[in-house]
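**Student:** Following is a predicted model, sequence given first.
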Amino acid sequence: QACEDRPNARVEVSLRNGSLDCYYEIVFEDNGPGVDEKNIEKLFTPKFTTKSSGSGLGLSICRSILERCGASITYSRSFRLGGACFTILYPKKPF
């Protein structure tokens, strides 16, 4: 969403064998502005949004669904593209 108004927006998705043998890494990276440092801790909090028309439920719902599958999601800054990087660790065998 952060890239939708950028003319040269770039989003990359990659699937990797995780550094932990029992997980896949699904990585979403973009060249958008990333997340402001002061908002990182609140990023997955229900109803937290920085958008005027947002509900703030998207990432909290994603995290909840993933956790029910034994997976996790984290945010970091994308070193390759300079924007946001969300990494999902998804179990190779369901719990």
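**Tutor:** Sure, I can see it. Fair warning: this is a prediction, and the values are worked out from it, not measured in the lab. Numbering: from 1, shown residues only.

**Student:** Any regions of this protein where pLDDT drops low?
**Tutor:** 1-4, 94-95 (pLDDT under 70).

**Student:** change it to 80
**Tutor:** Along the chain, the parts satisfying pLDDT under 80 run over 1-7, 18-20, 50, 52, 54, 94-95.

**Student:** List phi and psi for the residue nearest the centre of it.
**Tutor:** Residue closest to the average C-alpha location in the chain (C-alpha atoms, centre = their mean): Phe86, at 2.8 Å. The phi/psi pair for Phe86 (degrees, to the nearest 10) reads phi -110, psi 130.

**Student:** Any idea what it is bridged to?
**Tutor:** Per DSSP bridges, the residues bridged to Phe86 are Phe28, Tyr75.

**Student:** could you pull out the helices for this structure?
**Tutor:** 58-68 (DSSP state H).

**Student:** Show me the strands in it, by range?
**Tutor:** Ranges of strands in the chain, per DSSP state E, are 11-17, 23-30, 72-77, 84-91.

**Student:** Can you give me the distance of the residue nearest to the centre of the chain to Lys93?
**Tutor:** From Phe86 across to Lys93, the span is 23 Å (C-beta to C-beta, to the nearest Å). (Glycine included, C-beta is placed from N, CA and C.)

**Student:** Could you dump the strands of the chain into a markdown table and include distance to Ser60?
**Tutor:** Below are the strands of the chain laid out as a markdown table (distance: least, C-beta to C-beta, whole Å):
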| stretch | distance to Ser60 |
| --- | --- |
| strand 11-17 | 21 |
| strand 23-30 | 17 |
| strand 72-77 | 10 |
| strand 84-91 | 13 |
